[in-house]
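the following block contains a protein sequence and its predicted model.
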Amino acid sequence: MQTVHTPFAPAAIGPYSQAVKANGMVFTSGQIALDPETGAVVEGGIREQTTRICENLKAVLAAAGSSLEKVVKTTCFLADMADFAAFNEVYGSYFKGKPARSCVAVRTLPKNVLAEIEVIALCD
């Protein structure tokens, strides 16, 4: 088992890794809409936050020797299901391979963001 870290995604804000590689797979921690340079939540609504989340995931996956194209499963958390359609628009532009997915609404997310995504992907 190997932990993954990249400066091109936000540092963990707790006792966990950005991702872990094991047995040819990478398991990411949930990514939220934090700017990796400033650590601040990106401004804007669900579209802007989902874009930042997906860019953060791309960086973590690249550091692990993987990519969005190799994602087999995502778990998505939304603060409000009213954002589902807009979230899907942005999500679909990144996850073109249509991995398996769960998407649930939750009461609150870290730093009061609007969404969080974690993925499981194949890696080299």
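Perfect, I can see it now. Not measured: the values here are computed from a predicted model.

surely residue 31 is in contact with residue 113?
No - assessed by C-beta atoms under 8 Å, residue 31 is found out of contact with residue 113, at 9.9 Å. All C-beta atoms are positioned from the backbone trio N, CA, C, and that covers glycine.

of these two, which one has the most company?
Per other C-beta atoms under 10 Å, whichever of residue 31 and residue 113 has more neighbours is residue 31, with 25 against 20.

what does that one show for phi and psi?
The phi/psi pair for residue 31 (degrees, to the nearest 10) reads phi -110, psi 140.

what does residue 90 give?
The phi/psi pair for residue 90 (degrees, to the nearest 10) is phi -70, psi -50.

that one: how many residues sit nearby?
When neighbours are counted by other C-beta under 10 Å, residue 90 registers 19.

same thing with the one 10 residues further on?
Neighbouring residues of residue 100 were enumerated by other C-beta under 10 Å; the total is 10.

can you check residue 58 too?
Around residue 58 there are 17 residues (other C-beta under 10 Å).

I appreciate the help and will end here.
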